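Trainee: Output the structure for:
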Amino acid sequence: MSKPTRTASAVLSFALGAFGAFGTTAALAAYPDKPIKVVIGFPAGGPLDQHARLLTDKLQAVLGQPLIVDYKPGAGGSVGADFVAKSPADGYTLVLANTGVAVINGALYSKLPYNTQRDFVPIARTAMQPLALLVTPKLPVQNLKQFIDYAKARPGQVNYGSAGNGGISHLVPEMFKTATGLFMVHIPYRGSAPAFTDLMGGQVQFMAESIPQAANYHKQGKVRALAVTSRERNPALPDVPTVIESGVKGFEVVGFYGFLAPKDTPKDVVAKLSDAFRQVLTSPEVRERMVSQGADPAYLGSEDFARFLATETPRWDKAVKASGARMD
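Mentor: Numbers count the residues shown, from 1 in each chain. Okay, here's the model as predicted:
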């Protein structure tokens, strides 16, 4: 049998290359061709669950496939994140991460089984979540400046409650202490509900908590909201100033939500997912419902989200070290 001529070989190479390009394009066009799993590292019914369910129906309409929420609670969300980090990098398993999962746990756990920037590719940041700084109504202060003066005059006599060691409700007051030079004592609870109970009763005097619960109790007169930690005022507490407005220069601290996929997920798949989130977050209905849940729609695409995480990680690492919190 004669060998192929140079011309015939060139034609064959071109054909194979064209087939490969067609195969890649066809694969992308087909994605997704089955349901996408969204892993949450916390029990059902919490804020992350609410956030996921707000987005999944709309995402199904954009992507043409259902998104199934899968709960894998444990170790501050680390169990779920580790599961996704070790999943196939095909775009069919994502993790919905909050501030703790994405940037706090790395400093909090010495043996964390994943590294956010090493083991994941960011898909999209979907929301920012400001907090409110609260005091018990029993305290004789009406604004943040009065509280700072009150606490400075009583070093070590003011207690602040949190939902637990190392969480955002612990670290934000620690950041506030650093920014103002206050000396307050941390009282950790097992969840925000008992912490709120003691704040209302005056057993602790100060707390930082997410907006929906804070706004609800503030409007009932059970706690007093002094400031919000975002750069702008929050629609749920329109009459409550920001910390910056209240005189603490440059103090802006907010949590966030975002979706991550295993590293090496194809770039075209990442881009398709990221654009789907962009489309969903332009919906007025989604934005309105998200605000009612206490989160501000704040889309960032994959590359911008990656840069955001690179900036936030050292900031929270510093806060964890200053607090002395460890979870091992």
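
Trainee: my guess is residue 40 meets residue 68, correct?
Mentor: No: Residue 40 is beyond contact range of residue 68, at 11.1 Å (criterion: CB atoms under 8 Å). No exception for glycine: its C-beta is placed from N, CA and C like everyone else's.

Trainee: Between these two, which has more neighbouring residues?
Mentor: Neighbours were counted for residue 40 and for residue 68 using other CB atoms under 10 Å; residue 40 has more, 24 against 12.

Trainee: where's the more buried one relative to residue 126, distance?
Mentor: In this structure, residue 40 and residue 126 are 13 Å apart, going by CB to CB, to the nearest Å.

Trainee: Same check on residue 273?
Mentor: Distance check for residue 273 against residue 126: by CB to CB, it reads 12 Å.

Trainee: What of residue 212?
Mentor: 17 Å.

Trainee: between these two, which one's more packed in?
Mentor: Comparing residue 212 with residue 126 by other CB under 10 Å, the one with more neighbours is residue 126, at 26 against 18.

Trainee: Doesn't the more buried one lie inside a strand?
Mentor: Yes: Residue 126: assigned to a strand according to DSSP: H, G, I helix; E, B strand; the rest coil.

Trainee: now the helices for the chain?
Mentor: 6-30, 47-63, 78-85, 99, 105-108, 116-119, 144-152, 168-180, 192-201, 211-219, 267-280, 284-292, 302-323 (DSSP state H).

Trainee: As TSV, those helices with mean pLDDT and distance to residue 233 would be great.
Mentor: Below are the helices of the chain laid out as TSV (pLDDT from 0 to 100; distance: least, CB to CB, whole Å):
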stretch	mean pLDDT	distance to residue 233
helix 6-30	51	43
helix 47-63	94	21
helix 78-85	98	33
helix 99	96	21
helix 105-108	95	30
helix 116-119	97	31
helix 144-152	98	13
helix 168-180	96	17
helix 192-201	94	22
helix 211-219	89	11
helix 267-280	98	26
helix 284-292	92	13
helix 302-323	95	22
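
Trainee: re earlier: who touches both of residue 273 and residue 126?
Mentor: Jointly contacting residue 273 and residue 126 under the rule CB atoms under 8 Å, 6 or more residues apart in numbering are residue 259.

Trainee: sorry, back to before: rebuild the helices of the chain as TSV, extending it with distance to residue 137.
Mentor: As requested, the helices of the chain are exported to TSV (distance: least, CB to CB, whole Å):
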stretch	distance to residue 137
helix 6-30	57
helix 47-63	25
helix 78-85	37
helix 99	29
helix 105-108	32
helix 116-119	40
helix 144-152	13
helix 168-180	19
helix 192-201	8
helix 211-219	10
helix 267-280	40
helix 284-292	25
helix 302-323	27
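
Trainee: Stretch 249-262: which residues count as buried?
Mentor: Buried residues in stretch 249-262, counting neighbours by 16 or more other CB atoms under 10 Å, are found at 251, 253-262.

Trainee: Just the closest of these to residue 309, please.
Mentor: Using CB to CB, residue 258 comes nearest to residue 309 of those, at 8.1 Å.

Trainee: List the buried residues of stretch 270-288.
Mentor: Across stretch 270-288, burial judged by 16+ other CB under 10 Å covers 270, 272-274, 276-277, 280-281, 286-287.

Trainee: Grab the CA positions of that stretch and hand them over as PDB.
Mentor: Output of stretch 270-288 as PDB, limited to C-alpha atoms (Å, rounded to 0.1, in the frame of the first residue of the first chain):
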ATOM      1  CA  VAL A 270     -17.200  29.100  33.600                       C
ATOM      2  CA  ALA A 271     -18.100  31.900  31.200                       C
ATOM      3  CA  LYS A 272     -21.500  30.400  30.400                       C
ATOM      4  CA  LEU A 273     -22.300  29.900  34.100                       C
ATOM      5  CA  SER A 274     -21.100  33.400  35.000                       C
ATOM      6  CA  ASP A 275     -23.200  35.000  32.300                       C
ATOM      7  CA  ALA A 276     -26.200  33.100  33.500                       C
ATOM      8  CA  PHE A 277     -25.900  34.600  37.000                       C
ATOM      9  CA  ARG A 278     -25.500  38.000  35.400                       C
ATOM     10  CA  GLN A 279     -28.700  37.600  33.600                       C
ATOM     11  CA  VAL A 280     -30.600  36.400  36.600                       C
ATOM     12  CA  LEU A 281     -29.300  39.200  38.800                       C
ATOM     13  CA  THR A 282     -30.700  41.800  36.400                       C
ATOM     14  CA  SER A 283     -34.200  40.700  37.200                       C
ATOM     15  CA  PRO A 284     -36.100  43.300  39.200                       C
ATOM     16  CA  GLU A 285     -38.000  40.500  41.000                       C
ATOM     17  CA  VAL A 286     -34.800  38.700  42.000                       C
ATOM     18  CA  ARG A 287     -33.200  42.000  43.200                       C
ATOM     19  CA  GLU A 288     -36.300  43.000  45.200                       C
END
